[in-house]
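Participant: pasting the sequence and the predicted coordinates here, then a few questions.
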Amino acid sequence: MQQDIWGDIFTQIPKEKFLEEYSGEQFLRSSSPCDFSKILSWKDINDVLTYSNLKSPQVRVSLNNEIIPESQYTIKESRRREATNYISPTLLSGFLKKGGVLVIDSIQEYIPSINRVAGEFSSIFNEKVQVNCYIGGLNSSGFDIHWDDHDVVILQIFGEKEWEIRPPTRKYPLYDDLDQNLKPPQSVTWSGTFKQGQSMYIPRGWWHKAFTTSSYSCHLTFGIPQRTWIDYFKYILDLCKEDEQFRSNVLNGKTANLDAESFLEILKNKTKEYTNESFRKHYGSLFSPRVRHSLPYGLFGVQREFDVNSKIALSFFHRPEIFQTGESVFFSVFEKKYTFAKSTFHFFSTLWNSSEPINIERLVSLSKPALDEDHVKELITLLLEKGIVELYT
């Protein structure tokens with residue numbers, strides 16, 4: 001499924017058509033169910049609850065539209081230096097049986113299969129994606145009708161749920177908007193039973209509510225923030241900080257009486273130099289996804305334990321652009337800029353363009369004559385230390 005998650009869950013709409021006509025504009029529901037068993041299992045959920053020691057608000061329980069205090073579903077264990085609260089299976093089940101909903105935020109940080117799907121969505125939308133898990137029993141309802149300030153893709157993993165979707169009353173609402181946008185419309189775009197294996201896309205600002213009438217339900221919500229033109233112009237204004245006129249006083253001092261037209265001209269020139277496409281690339285370089293560690297590689301004395309039959313792959317899905325200028329190759333990832341010699345360009349471009357883990361022997365052959373095997377291994381060791389690649393032996 002992870003090879004083309006979009007093609008698997010929204011078979012009726014090609015990815016390109018969705019981005020052009022539906023993204024941010026229209027509600028979409030999958031036309032046929034999909035097998036999500038490889039994305040999330042009950043064992044995965046139980047392991048996260050048992051071993052991850054999650055804390056509120058990352059894990060929380062709501063009942064009748066109210067958040068239950070953590071102390072009411074956890075047990076306290078006192079240790080020598082500290083006290084730790086653990087989620088009690090008995091107390092948690094008691095709330096779920098009453099119609100409560102268990103919410104686990106950022107579950108992609110604990111389950112690799114979900115992280116991979118989140119990475120696919122991140123590549124599609126060019127946005128960082130967070131995944132929350134919602135689990136409820138009979139007659140459970142998490143929240144009353146509301147809208148989100150980000151797009152969501154919802155996968156119904158287990159059971160089924162009743163949904164109601166209404167159109168927006170304010171298009172493209174913001175988190176810190178001028179209009180509070182509190183009153184939902186009367187019209188209903190879609191209502192019905194959302195069954196196991198089905199998916200839906202809800203743009204930001206669209207009203208929705210859900211409740212469970214069957215014995216149980218578990219769904220994943222992929223939260224997708226969308227950069228707006230306001231974000232773009234904030235980016236441009238940040239670039240204007242290099243101009244002393246923009247840094248000068250606006251109310252007092254010798255620049256207080258400057259004509260605003262001069263500032264607008266600077267802004268105009270900045271937008272020509274830094275287009276919205278450059279903003280997209282800049283924003284992509286700031287993604288900080290959860291990545292895999294690769295110990296003991298990188299420790300002294302074990303740098304060369306891998307051989308040419310091993311495979312490597314990027315540890316993240318969003319692939320920032322590789323730039324080649326003069327004698328250097330550089331890219332930005334995890335909020336850091338990395339610069340390498342020009343001779344590494346084919347090595348990095350091959351790694352970046354490989355959709356599957358690539359055999360090191362093949363990577364060596366494709367990097368020649370610019371790099372030999374020792375140079376490739378040195379690069380791989382460095383990338384392992386930085387968390388940029390993961391090794392498959």
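Facilitator: All right, it came through fine. Predicted model only: the values in this text are computed from it and were never measured.
Participant: residue ranges with poor pLDDT in the stretch 51-200 of the chain?
Facilitator: In the predicted model of the stretch 51-200 of the chain, residues 142 satisfy pLDDT under 70.
Participant: can you give me the helices for it?
Facilitator: Counting by DSSP state H, counting those that start in this stretch, the stretch 51-200 of the chain has helices at residues 89-97, 112-125.
Participant: tell me which of the ones you listed sits most buried.
Facilitator: The highest average neighbour count among the helices of the stretch 51-200 of the chain, using mean count of other CB atoms under 10 Å, belongs to helix 112-125 at a mean of 20. C-betas here are computed from N, CA, C, even on glycine.
Participant: name the surrounding residues that touch that one.
Facilitator: The contact list for helix 112-125 (CB atoms under 8 Å, 6 or more residues apart in numbering) reads 1-2, 5-6, 15, 19, 23, 38-40, 44, 107-109, 128-131, 151, 153, 220, 222, 224, 226, 287, 289-290, 316-319.
Participant: among the residues you listed, name the ones in strands.
Facilitator: Using DSSP state E, the subset of the contacts of helix 112-125 located in strands is 130, 131, 151, 153, 220, 222, 224.
Participant: quick check: the farthest pair among those residues?
Facilitator: 151 and 220 (14.3 Å; CB to CB).
Participant: neighbour count for the two, which is higher?
Facilitator: The neighbour comparison of residue 151 against residue 220 (other CB atoms under 10 Å) goes to residue 220, with 25 against 22.
Participant: count of residues packed around the closest residue to residue 248 other than its chain neighbours?
Facilitator: Excluding its sequence neighbours, the residue lying closest to residue 248 (CB to CB, 6 or more residues apart in numbering) is residue 255, at 3.9 Å. Neighbours of residue 255 under the rule other CB under 10 Å: 15.
Participant: which of the three states applies to residue 255?
Facilitator: coil (DSSP: H, G, I helix; E, B strand; the rest coil).
Participant: ok, it touching residue 246?
Facilitator: No - applying CB atoms under 8 Å, one finds residue 255 not in contact with residue 246, separated by 9.8 Å.
Participant: could I get the average pLDDT for stretch 239-246?
Facilitator: Averaging pLDDT along stretch 239-246 yields 85.
Participant: same check, this time on stretch 333-345
Facilitator: Average pLDDT, stretch 333-345: 85.
Participant: first to last residue in it, what's the distance?
Facilitator: 16 Å (CA to CA, to the nearest Å).
Participant: how close does residue 370 sit to residue 348?
Facilitator: Look at residue 370 and residue 348: by CB to CB, to the nearest Å, they are 11 Å apart.
Participant: who has more neighbours, those two?
Facilitator: Set residue 370 next to residue 348 and count neighbours by other CB under 10 Å: residue 348 wins out with 19 against 15.
Participant: mind listing the strands for the stretch 101-250 of the chain?
Facilitator: Ranges of strands in the stretch 101-250 of the chain, per DSSP state E, counting those that start in this stretch, are 101-104, 130-137, 151-159, 161-166, 190-194, 199-202, 207-211, 216-224.
Participant: which residues sit in contact with residue 48?
Facilitator: 54, 104, 107, 110, 111.
Participant: turn these into TSV, including distance to residue 324.
Facilitator: Below are those laid out as TSV (distance: CB to CB, whole Å):
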residue	distance to residue 324
54	44
104	42
107	38
110	38
111	37
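Participant: narrow those to those that are buried.
Facilitator: The neighbour count (16 or more other CB atoms under 10 Å) marks 54, 104, 107, 110, 111 as buried among the contacts of residue 48.
Participant: residue 6 against residue 19, yeah?
Facilitator: No - at 9.8 Å, residue 6 does not count as touching residue 19 under the criterion of CB under 8 Å.
Participant: higher neighbour count, those two?
Facilitator: residue 6 (18 against 15).
Participant: any idea how far the nearest residue to the more buried one once chain neighbours are set aside is from residue 190?
Facilitator: Among residues not flanking residue 6 along the chain, residue 15 sits closest, at 4.8 Å (CB to CB, 6+ apart). With distances taken as CB to CB, residue 15 is found 22 Å from residue 190.
Participant: residue 172 now?
Facilitator: Residue 172 sits 21 Å away from residue 190 when distances are taken as CB to CB.
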